[in-house]
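Novice: structure of the sequence below:
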Amino acid sequence: MGIRSTAKAIIVQNGKILLNKCVDEKNGDYYTLPGGGQNTFESLSETLVRECLEETGYSVSPIKLIALCEEIYDDPISREKFPEYAHKLHHIFICKLCSDKQQAPTEKDSSQIESEWVAISSINNIRLLPHYLGKNIVTMINSETQTFFSTEHIPLTYD
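Specialist: Numbering: from 1, shown residues only. As a prediction, this is how the structure comes out:
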């Protein structure tokens, strides 16, 4: 079991942020940032560009690393069943769109329904996961400095 490195994108345009709308049995309806796991020998920037194109159909360019967050599943069943996801380090980047033109997404996450532009002013009215995002996303968007947003321990048990 190792630490999974991920790259996540904060893409803001016209007062809205691009999020992935998701649903699953354990979490119900929720939103996440576009992005995902880094492949071996792939840079974080390459990961971000690939994952955003796969999930959202948008080509993006990373501007700056804005936050680092860690997620650890404490439940031993989750750790055994999903070892590649039990400990993740999220590198969160402010990104810009390379083009307003959206292609068809080629590889959505298993729980992803669609990508959606959500008004930043209504961000507190949606469920954004992991939990540290919901509490800190506006701070991340408006920040000029990089921040480590701590470690989120997740006691969730998968059956």
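Novice: which stretches of this structure have low pLDDT?
Specialist: Filtered on pLDDT under 70, the chain yields the residue ranges 1, 156-159.
Novice: just the helices in it please.
Specialist: Counting by DSSP state H, residue ranges of the helices within the chain are 44-56, 76-81, 131-142.
Novice: winner for burial among these?
Specialist: For the helices of the chain, ranked by mean neighbour count under the definition mean count of other Cβ atoms under 10 Å, the leader is helix 44-56 at a mean of 21. Where C-beta positions appear, they are placed from N, C-alpha and C, glycine not excepted.
Novice: pull that helix out as CSV, backbone CA atoms only.
Specialist: Provided in CSV are the C-alpha atoms of helix 44-56 (Å, rounded to 0.1, in the frame of the first residue of the first chain):
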residue,chain,number,x,y,z
LEU,A,44,1.5,16.6,-11.9
SER,A,45,0.8,19.1,-14.7
GLU,A,46,0.4,16.3,-17.2
THR,A,47,-1.9,14.4,-14.8
LEU,A,48,-4.0,17.5,-14.4
VAL,A,49,-4.3,18.2,-18.2
ARG,A,50,-5.1,14.5,-18.9
GLU,A,51,-7.6,14.0,-16.1
CYS,A,52,-9.5,17.3,-16.8
LEU,A,53,-9.8,16.4,-20.5
GLU,A,54,-11.0,12.8,-19.7
GLU,A,55,-13.6,13.9,-17.1
THR,A,56,-14.8,17.2,-18.3
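Novice: output the contacting helices and strands for it.
Specialist: With contacts defined as 3 or more Cβ pairs under 8 Å, 6 or more residues apart in numbering; DSSP states H and E, the secondary structure elements packing on helix 44-56 are strand 4-13, strand 16-24, strand 35-37, strand 60-73, strand 87-97, strand 112-119.
Novice: go ahead and flag the most central residue of this structure.
Specialist: For the chain, the residue nearest the mean C-alpha position is L33 (3.3 Å; Cα atoms, centre = their mean).
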